[in-house]
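Novice: Next come a sequence and a model predicted from it.
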Amino acid sequence: MCRNTLRVEWNRLCKGYTRAMTNESLDPSVPAAVRAVQVSAAAAGLTDLGNYRQALVLLRDGPAVVGRFCLPVSGGSIDGGRLLECVRSLAMVLWSRRMALPDSPGASGPASVVVCTRDRTEDLKSCLPSLTPLLARGHEVIVVDNCPSDDSTERLVATFPGVRYVREPRAGEGAARNCGLLAASHPIVAFTDDDARADAGWLDALLEPFDDPSVAVTTGITLPIELETPAQIWFERSNGFSRGLERRILDSGTISPAAAGEAGASVNMAVRKSCLAEIGFFDEALGCGTPARCGTDQEFLYRTLARGFRIVYEPSALIWHRHRRDWRALRRTLYNYGVGLYAWWTRAVLVEGDFGVLALGFAWFVRYHAVNLAKAVLRRPGHMPLDLALAEVLGAMSAPFAYLRSARALCSSGAPRVTAAGTAAAVGSLS
Amino acid sequence: MIAPGNLSVVIPTHNRKERVTGTLQALALEAGAGVEFEVIVVADACEDGTEAALDLLASRLPFPLRICSHAARNAAATRNLGASGARGATLVFLDDDMEPQPGLVRAHSDARGPRSVVMGYSKPVYAGRPTPWQQDARRWWEDSFREMASFGHRFTYRDFFSGNCSLPASLFHSLGGMDASLGRLEDYEFGWRMLGAGASFHFEPAALALHHDASDLDLWLARARHEGEADFRTGTRHPEVRYLLSHLAMPGSATRMTRLARKLAFALPARGDGVVKSLASLAGGLRRRGARGIYFRVVALLREYNYARGVALASGGRRSLLAWLQEGPLEPSMAGDAPVLDADAPPGPECFAGLLEAASRTGLRVRYAGVEIGVLPPRVGAEPLRSEHVRRWLHEFLTSNFVPEWAMENGEAGLPLDVQEVQAC
């Protein structure tokens, strides 16, 4: 077989794997069990699946998630032979991992982990136990309480010895994250959310790529803790946080900065603080708690790439996320995503002068949002529910005005905007 | 403890008074930490009062400082002058835009060997926010150093970077110093001769200096022209290096625009210079406005033009370049008697060393289960082949070729999961 034919065939094969591992085969009408299985234990199958009729099975090789399969459940179990078939289809990935040259030592030294929260003590109560083991290894855990309505978060954090509590009175995701960056004492700051849980080994994997001095940000894989409701399954199908199972190294030479959303999200992200002098802090006109509703992390990733730094997506760094359970919250979330995405693209045009974003934004609107909406209206097979598709489109259309409103509100409040000089001064005050 | 005068730090400088005094003050911190060395600053055609500033500073420094001056406007000649007056057994070359970090001289000293050439880690830093071109350059520098630090990296003469390096003075003098007639890339040419003389290259990340890089797109393009000239001149001294210019004689693989850029450089340089100047002034704006794809294509063309222009200037034109290229073989090829390495039955250590030595000159054929699975061709201007180079090649080959082919031949379901299973197959 000639080399070119081989390559074509190989690409086809890889695409086949990718298709097999997408979430599209999840049936939203019935709950799905979520289980992680080590490759070495796959032959034993899964037996504790109760009344579930489908399962999202994550195959792991050590800490890394190497495969993700939607499998039918019969009689509360999945046969070991079926799991082994899945493992066999991952042989190429597993082989590549086994043949890897010795890893570089990675970034040594402790890091700061920042969790931003706002009046969600129940979620935070589940999140913090997954982070406290990091304290014994010299890492720092900081909870940023963003404009709280009461002191319940502060009281909760007090029950976790060693976890630092910081209050940020200004509402907004960007303000909270910036507060975390300023409060952090270590050179690398990792972020996760209050509705997430860190997997064992998450932080080590997230810090490892920082041995490359060009890397300013690392992101990891985020998978659902549970898929119990149609809303959770639709979220995973349409807007899940996962960015694939392969390690990716992104920079402005390989990807347009405007496509920074591909790199990951702040639910699972680490930032090298020394790079903030060039990148700047999170834009406080974006994100939850502002009229722009979302996009502060993607905009930050955009500037990371646009300033010439690298982002590494590391699928061994796993965060478990609890998606919103009810349909109304899902619709609001997708609306927010629509607003946030086009809001930060608006910022990229207006503030950064990046007119290339206009073409990308138009293409994305037509090829993704408009197509989704059309499929939903025409009830094509596998279509998105109409209200969700519509929510995204409406969000996208209101985004430019939302960003302008948000920016104006920020200016009139006298709060600091992201500027290179201001950032440099802030970073200088940290060191 | 290092004996007095055992290391000589040579710093060539040209009109960078502030920067070079900063470099000396940074070195002073290290001298206070128990490392003894002398410093020789060679001022090349300085008109900013560098010598006077250094005279003032000398008495306050904890190490002997000697200041030489000349007006050669030539980096190689300036380094040679500094080295000629050095008393140390090891020469440390530092450019005047390097800011040594604590431990640099110690790291160069600790990494010494009889024929060791040590490249330090020169971390690029920029004043203010870097331009898009500088951002790319920074990544290029960092990637180059990471590659040198990676397992199984095979050094070539083009890895020698004289901005932050050390080498035995005896080696430097035995080779007659750097070639001042090249104008540019004198360090590559010197690296070629050092490898030929049996030197071994190393990268030492602890020999850290901040490289205050002031380059930009215009300067880089101007350098590309000088590099074209220097590559041609290096090729006239070392015919094996002619392969670098072979692409100019083989337009088949080039795009139409690349061929046009080369044609302009050789046939219509006056018109080409004008076009290039206009395009260069537009390039930065293209990148800032998000036209990244066009920017990268334009910059590649501008570099190609300038490089070809330099070659045209040095060679005297396309016809004479082609005639010169045809004087001998361009690419090193596998020798018919290249040794064979059986991956499934490797030779013992005593034979392996001899096999690698022969393979350095002729290339290496790698066989598995009686079938040739790949070749390591001979590399021009590279250090001798060592086992870690072969190991790295095998790893890259297996990952990119062998396993996919195995998957296609056997089907994905038939892929074994363990190394033992494959070996059994």
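Specialist: Noted; the coordinates are in hand. Since the structure is predicted, the reported quantities are computational estimates derived from the model, not experimental observations.
Novice: contacts, neighbours, all on C-alpha from now
Specialist: Noted.
Novice: before we move on, what SS does residue 43 have?
Specialist: Answering for chain A, as no chain was given. helix (DSSP: H, G, I helix; E, B strand; the rest coil).
Novice: that's the wrong chain, I wanted chain B
Specialist: The assignment at residue B:43 comes out as strand when based on three-state DSSP.
Novice: which regions of the stretch 301-431 of chain A sit below the pLDDT cut-off?
Specialist: Scanning the stretch 301-431 of chain A with the threshold set as pLDDT under 70 gives A:414-431.
Novice: ok, 50 please
Specialist: A:417-422, A:424, A:427, A:430-431 (pLDDT under 50).
Novice: Residue of the stretch 101-250 of chain A nearest chain B, please.
Specialist: For the stretch 101-250 of chain A, the nearest residue to chain B under the criterion C-alpha to the nearest C-alpha is residue A:214, separated by 6.1 Å.
Novice: next one: phi and psi at that residue?
Specialist: In terms of degrees, to the nearest 10, the main-chain angles of residue A:214 are phi -80, psi -10.
Novice: Equivalent analysis for the one 3 residues further on, please.
Specialist: According to degrees, to the nearest 10, the main-chain angles of residue A:217 amount to phi -140, psi 140.
Novice: residue contacts, it?
Specialist: A:269, A:270, A:271, A:272, A:301, A:304, A:310, A:311, A:312 (C-alpha atoms under 8 Å, 6 or more residues apart in numbering or on different chains).
Novice: Quick one: residues contacting the fifth one.
Specialist: For residue A:301, the contacting residues are A:217, A:257, A:260, A:261, A:263, A:311, taking C-alpha under 8 Å, 6+ apart as the criterion.
Novice: if you set the cut-off to 7 Å instead, what comes out?
Specialist: Residues touching residue A:301, when contacts are defined by C-alpha atoms under 7 Å, 6 or more residues apart in numbering or on different chains, comprise residue A:260.
Novice: For residue A:65, see how far away it is.
Specialist: 23 Å (C-alpha to C-alpha, to the nearest Å).
Novice: quick check, residue A:345 in a helix?
Specialist: Yes. Residue A:345 forms part of a helix when assessed by three-state DSSP.
Novice: Give me the nearest residue to it, chain neighbours excluded.
Specialist: Once flanking residues are discounted, residue A:345 sits nearest to residue A:357: 6.4 Å by C-alpha to C-alpha, 6 or more residues apart in numbering or on different chains.
Novice: which helices and strands sit right next to the host helix or strand of the one you found?
Specialist: In the assignment (DSSP states H and E), residue A:357 maps to helix A:356-364. Secondary-structure packing of helix A:356-364 (3 or more C-alpha pairs under 7 Å, 6 or more residues apart in numbering or on different chains; DSSP states H and E): no helix or strand packs against it.
Novice: Which positions in it come out as buried?
Specialist: Neighbour counts using 16 or more other C-alpha atoms under 10 Å in any protein chain shown place A:356, A:357, A:358, A:361 of helix A:356-364 among the buried residues.
Novice: Equivalent analysis for stretch B:162-172, please.
Specialist: Going by neighbour count (16+ other C-alpha under 10 Å), the buried part of stretch B:162-172 is B:162, B:163, B:164, B:165, B:166, B:167, B:168, B:169, B:171, B:172.
Novice: export that stretch as CSV, just CAs?
Specialist: This file holds the C-alpha atoms of stretch B:162-172, laid out as CSV (Å, rounded to 0.1, in the frame of the first residue of the first chain):
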residue,chain,number,x,y,z
SER,B,162,28.0,32.5,19.8
GLY,B,163,25.8,34.9,21.8
ASN,B,164,26.1,32.8,25.0
CYS,B,165,28.5,29.9,24.7
SER,B,166,31.8,28.6,26.1
LEU,B,167,34.6,26.5,24.5
PRO,B,168,38.2,25.6,25.3
ALA,B,169,40.6,28.5,24.3
SER,B,170,42.9,25.9,22.8
LEU,B,171,40.2,24.7,20.4
PHE,B,172,39.4,28.3,19.4
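Novice: Tell me the residues on the stretch 101-250 of chain B that lie near chain A, please.
Specialist: Taking C-alpha under 7 Å from any C-alpha of the partner chain as the measure of proximity, the stretch 101-250 of chain B contacts chain A at B:129, B:135, B:136, B:139, B:142.
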